[in-house]
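Participant: Sequence first, then the predicted structure:
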Amino acid sequence: MSSSSSSFSSYEAARILVPGYYFAVLTLILVNLTATTVQWPLIVPDVFLIIAFLVLGYIAGLTLYAKESSKRRKAFQENQPSLYLKTKARSMSDLPVMEEDEAKQLYFYILNNHVPAIFHEKIFFFGTIYHIMIQVRRTSLWFSLLGTILAWALPLAGYRDSTGLLLFSAAAWLIYLFNVTFNKADRKMQENYKDQIYWLEMNNDLVETVLRKRSQNLPSQRP
């Protein structure tokens, strides 16, 4: 149990730190290139830059983590194991209807108490990779758009050399397009769900026992 908890903490930390510091790196590069283009070089102590980078990366990571926009994507919402449990309960005529939130709680109960620990690692790993890749994709899009706008707007404002901003924008666009074209995040997330559903199917007796136990523990006044 402690090993599983440690792995979960590590994966959750990665979900915060990797997207956050990717955002921080792009921010510092863009600010530096913009300052160079407008001929206003940044003269700040190295210690200040290090502190700013650390704080910005951590705050950005927490913000992206709290927003959880990746969880609203179709690839995350479709074919969840909890939906399998909801459908399974509906097929058992002697059981009451199960709401979606209840199905999710029940699946987490099965995951934490019955699914082997080695299976947890795969679930945590692919879930973490999915969230990181989606955040990297969206962050790349934001900075590619912002960099492109600055690369064209600053020359119109009288600043001549925006080569650095153009190269930065091109690199950000490439990362974004590469991520979209070779979209393994959504596919791996769905494969991860299919593996979990397959485990539930192969342990049908356990699933039915848990579903019946859940119905027996419901308040008697509930219809």
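Facilitator: Here it is on my side, so go on. Residues are numbered from 1 along each chain as shown.

Participant: Only C-alpha atoms from now on, for both contacts and neighbour counts.
Facilitator: Fine.

Participant: The residue of the chain most remote from its centre in helix, strand or coil?
Facilitator: For the chain, the largest distance from the centre (C-alpha atoms, centre = their mean) belongs to Gly158, which lies 40.7 Å off. Recorded secondary structure, Gly158: coil (DSSP: H, G, I helix; E, B strand; the rest coil).

Participant: For it, give me phi and psi.
Facilitator: phi 110, psi 0 (degrees, to the nearest 10).

Participant: Please apply the same query to Val136.
Facilitator: phi -60, psi -40.

Participant: distance of it from Leu28?
Facilitator: 16 Å (C-alpha to C-alpha, to the nearest Å).

Participant: Please say which of the two ends up with more neighbours.
Facilitator: Set Val136 next to Leu28 and count neighbours by other C-alpha atoms under 10 Å: Val136 wins out with 19 against 15.

Participant: pLDDT-wise, which helix or strand of this structure ranks last?
Facilitator: helix 74-77 (a mean of 75; mean pLDDT, DSSP states H and E).

Participant: and the residue nearest the centre of the chain, what pLDDT?
Facilitator: Nearest residue to the geometric centre of the chain (C-alpha atoms, centre = their mean): His131, 1.8 Å. We have a pLDDT of 90 for His131.

Participant: change the start of the numbering to 37 and stick with it
Facilitator: Sure, I'll start counting at 37 from here, so that last one is His167.

Participant: Excluding residues flanking it in the chain, which one is nearest Asn115?
Facilitator: Tyr229 (6.6 Å; C-alpha to C-alpha, 6 or more residues apart in numbering).

Participant: who does whichever strand or helix holds that neighbour touch, helix- and strand-wise?
Facilitator: Per DSSP states H and E: Tyr229 is located in helix 220-238. Judged by 3 or more C-alpha pairs under 8 Å, 6 or more residues apart in numbering; DSSP states H and E, the packing partners of helix 220-238 are helix 110-113, helix 117-127, helix 153-192.

Participant: Please name whichever of those is nearest to Phe214.
Facilitator: helix 153-192 (9.0 Å; C-alpha to C-alpha).

Participant: any idea of the angle the very next helix or strand once past the closest one forms with helix 220-238?
Facilitator: Next in sequence after helix 153-192, counting helices and strands by DSSP H and E, comes helix 199-217. Using axes from the mean of the first three to the mean of the last three C-alpha atoms, to 10 degrees, the inter-axis angle of helix 199-217 relative to helix 220-238 is 30 degrees.

Participant: follow-up on the earlier one: the residue nearest to Asn115 contacts Gln113, doesn't it?
Facilitator: No - using C-alpha atoms under 8 Å, Tyr229 is not in contact with Gln113; the gap is 10.2 Å.

Participant: Pick out whichever of those two has more residues nearby.
Facilitator: Tyr229 (22 against 13).

Participant: Contact partners for that one?
Facilitator: Asn115, Gln116, Pro117 (C-alpha atoms under 8 Å, 6 or more residues apart in numbering).

Participant: Which pLDDT value does the model give the nearest residue to the last one once chain neighbours are set aside?
Facilitator: Right, Pro117. Spatially, and ignoring its direct neighbours in sequence, Pro117 is nearest to Ile233 (5.4 Å; C-alpha to C-alpha, 6+ apart). We have a pLDDT of 90 for Ile233.
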